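Peer 1: Have a look at this fold, sequence not included:
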């Protein structure tokens, strides 16, 4: 599949917003997480599923490089699991929007994608990777790490979905007008 300049530019802008938000990760995951999830959703809506998948792969790497994470450094297998979780969100939104027209498909996709992302990450990261691979020095924080990669993922994905929905309403109109003018 060949990407257009518009898709690449849109993805790059949303990647830049994601990266900027990652500088606030140490302040609160409830700042960074929703912004990144909103960017993932807006990417799939405005540039397509392929671009959403690309952003899904890049953002966990930039997050680790910018903010660092002791648990991700100790268990590097978490990074590809986050990538897959992001892809699940993107695919959920993208597929539901294609199957169900209107806001119903978008809202259903956001809810289903958020839930499936959280379930995947909760099972794979929180219940399998962390309990089996956590270093002894970090065992006291296991509950916090497990919460971060399960319930917190659901909350931040749902908040990001609300942000994306709010932004998508006017953005969709602007994009439609722009396409008519072309």
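Peer 2: Great, that's in hand. A quick note: this is a predicted structure, and the numbers were derived from the prediction, not measured.
Peer 1: okay, which residue is most central for the protein?
Peer 2: Of all residues in the chain, the one closest to the mean position by Cα atoms, centre = their mean is residue 37, 3.6 Å from it.
Peer 1: my read: that one touches residue 152, true?
Peer 2: No. Applying Cβ atoms under 8 Å as the test, residue 37 and residue 152 come out as separate, 11.5 Å apart. The way it works is simple: take the backbone N, C-alpha and C, and place the C-beta from them, glycine included.
Peer 1: okay, and for this structure, where does confidence drop off?
Peer 2: The chain contains residues with pLDDT under 70 at 182.
Peer 1: could you pull out the helices for it?
Peer 2: Under the criterion DSSP state H, the chain carries helices at the ranges 5-22, 29-47, 49-67, 70-74, 78-99, 103-121, 130-133, 142-148, 151-181.
Peer 1: For residue 26, what are phi and psi?
Peer 2: Dihedral angles of residue 26 (phi, psi; degrees, to the nearest 10) stand at phi -70, psi -20.
Peer 1: Equivalent analysis for residue 3, please.
Peer 2: Residue 3 adopts backbone torsions of phi -90, psi 140, taken as degrees, to the nearest 10.
Peer 1: most neighbours per residue, which of the helices of the chain?
Peer 2: helix 29-47 (a mean of 24; mean count of other Cβ atoms under 10 Å).
Peer 1: Taking helix 103-121 as reference, get the angle to it.
Peer 2: Angle, helix 29-47 to helix 103-121, by axes from the mean of the first three to the mean of the last three Cα atoms, to 10 degrees: 130 degrees.
Peer 1: Which elements pack onto helix 29-47?
Peer 2: When contacts are defined as 3 or more Cβ pairs under 8 Å, 6 or more residues apart in numbering; DSSP states H and E, helix 29-47 packs onto helix 5-22, helix 49-67, helix 78-99, helix 103-121, helix 151-181.
Peer 1: Nearest residue to the residue nearest to the centre of the chain in space, please, no chain neighbours.
Peer 2: residue 160 (2.6 Å; Cβ to Cβ, 6 or more residues apart in numbering).
Peer 1: Might one say that residue 153 is in contact with residue 116?
Peer 2: No. Assessed by Cβ under 8 Å, residue 153 is found out of contact with residue 116, at 10.6 Å.
Peer 1: so what sits against both of those two?
Peer 2: Listed as contacting both residue 153 and residue 116 by Cβ atoms under 8 Å, 6 or more residues apart in numbering is no residue at all.
Peer 1: Tell me how far the residue nearest to the centre of the chain lies from residue 58.
Peer 2: According to Cβ to Cβ, to the nearest Å, residue 37 stands 14 Å off from residue 58.
Peer 1: just residue 17 next, same as before
Peer 2: In this view, residue 17 and residue 58 are 12 Å apart by Cβ to Cβ.
Peer 1: Next: residue 67.
Peer 2: 15 Å.
Peer 1: next one: residue 174
Peer 2: For residue 174, the distance to residue 58 equals 25 Å [Cβ to Cβ].
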